[in-house]
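Enquirer: Sequence and predicted structure below; questions after.
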Amino acid sequence: AQSVSQHNHHVILSEAASLELGCNYSYGGTVNLFWYVQYPGQHLQLLLKYFSGDPLVKGIKGFEAEFIKSKFSFNLRKPSVQWSDTAEYFCAVNEDTGTASKLTFGTGTRLQVTL
Amino acid sequence: GAVVSQHPSWVICKSGTSVKIECRSLDFQATTMFWYRQFPKQSLMLMATSNEGSKATYEQGVEKDKFLINHASLTLSTLTVTSAHPEDSSFYICSAGPAGGVQETQYFGPGTRLLVL
């Protein structure tokens, strides 16, 4: 069975600080990787995704993530966070079976950006 | 972009009653929809996979007779919580992916908050 680990449960940063949120998964086959964000009171939104190709993927709002296959990792980064980035961030994985398959989510990381 | 809606967004009901939650893909067709449950300050836990025109696939530990899922069309799936109890109070979220995509992205609905008194 797949599992996803997010090691940082709660991160507090000042505006303009750099961000890196860890995500590791366990699965031996081909996977698709996602980062979703949930702003307070809002629904989950896709930040970025990796299916294949360049392991460094860029998403919306200045976020990027790097897939390192040897480390089973897909860490999320942003060079300079803003107060509006305060949200819950979820890493997710699904098997690349060619059809719709279920997502396995990490436990989430709450990011709090202070002014 | 793809939009998924849920109705209602909030529901309060008495213990023992049934509650139906709708999930609609507004601008795309979805052969598969997923139902999740999210407890406060926790991650999303998949409850079941809803397939259009066939029976849903439930995750281990999820009672299929309690959480009835119907996926009658390519744009609508419903989750009915039967004989709801206070422990069923939670945030229920659906997601859907565009049909036909080999590497599809799931789009999430805004969620339905259920409070059982």
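Expert: Received the coordinates, thanks.

Enquirer: Can you tell me the closest non-neighbouring residue to the spatially most central residue of chain B?
Expert: Nearest to the mean C-alpha position of chain B, counting by Cα atoms, centre = their mean, stands residue B:35 at 3.5 Å. Closest residue to residue B:35 apart from its sequence neighbours, by Cβ to Cβ, 6 or more residues apart in numbering or on different chains: residue B:47 at 4.6 Å. Using the backbone N, CA and C atoms, a C-beta is placed for each residue, glycine as well.

Enquirer: rewinding a little: give me the secondary structure label for the residue nearest to the centre of chain B.
Expert: strand (DSSP: H, G, I helix; E, B strand; the rest coil).

Enquirer: Residue A:115: neighbour count?
Expert: When neighbours are counted by other Cβ atoms under 10 Å in any protein chain shown, residue A:115 registers 6.

Enquirer: wait, residue B:85 sits on residue B:15?
Expert: Yes: between residue B:85 and residue B:15 there is a contact at 5.5 Å, judged by Cβ atoms under 8 Å.

Enquirer: could you dump stretch B:3-18 to PDB, C-alpha only?
Expert: Taking Å, rounded to 0.1, in the frame of the first residue of the first chain, the C-alpha atoms of stretch B:3-18 are listed here in PDB:
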ATOM      1  CA  VAL B   3     -15.100  23.000 -11.400                       C
ATOM      2  CA  VAL B   4     -16.700  20.600  -8.900                       C
ATOM      3  CA  SER B   5     -19.600  21.700  -6.800                       C
ATOM      4  CA  GLN B   6     -21.100  20.200  -3.700                       C
ATOM      5  CA  HIS B   7     -24.500  20.600  -2.200                       C
ATOM      6  CA  PRO B   8     -25.300  21.400   0.500                       C
ATOM      7  CA  SER B   9     -22.300  23.200   2.000                       C
ATOM      8  CA  TRP B  10     -23.600  22.900   5.500                       C
ATOM      9  CA  VAL B  11     -26.100  20.500   7.000                       C
ATOM     10  CA  ILE B  12     -27.300  20.000  10.500                       C
ATOM     11  CA  CYS B  13     -29.500  17.000  11.200                       C
ATOM     12  CA  LYS B  14     -30.900  15.000  14.100                       C
ATOM     13  CA  SER B  15     -29.500  11.600  15.000                       C
ATOM     14  CA  GLY B  16     -31.100   8.800  13.100                       C
ATOM     15  CA  THR B  17     -32.000  10.700  10.000                       C
ATOM     16  CA  SER B  18     -30.400  10.400   6.600                       C
END
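
Enquirer: Distance from it to the middle of the chain?
Expert: 10 Å (Cα atoms, centre = their mean, to the nearest Å).

Enquirer: List the residues that contact residue 39.
Expert: Picked chain A for this. A:45, A:86, A:87 (Cβ atoms under 8 Å, 6 or more residues apart in numbering or on different chains).

Enquirer: ah, I was thinking of chain B
Expert: B:45, B:90, B:91.

Enquirer: What ranges in the chain fall below the confidence cut-off?
Expert: No chain was given, so I picked chain A. Chain A contains residues with pLDDT under 70 at A:1, A:96-100.

Enquirer: that's the other chain; I wanted chain B
Expert: Checking chain B against pLDDT under 70 turns up B:1, B:98-104.

Enquirer: would you list every one of the strands in it?
Expert: Listed in chain order, the strands of chain B (DSSP state E) span residues B:4-7, B:10-13, B:19-25, B:32-38, B:44-51, B:57-58, B:67-73, B:76-81, B:90-96, B:107-108, B:112-116.
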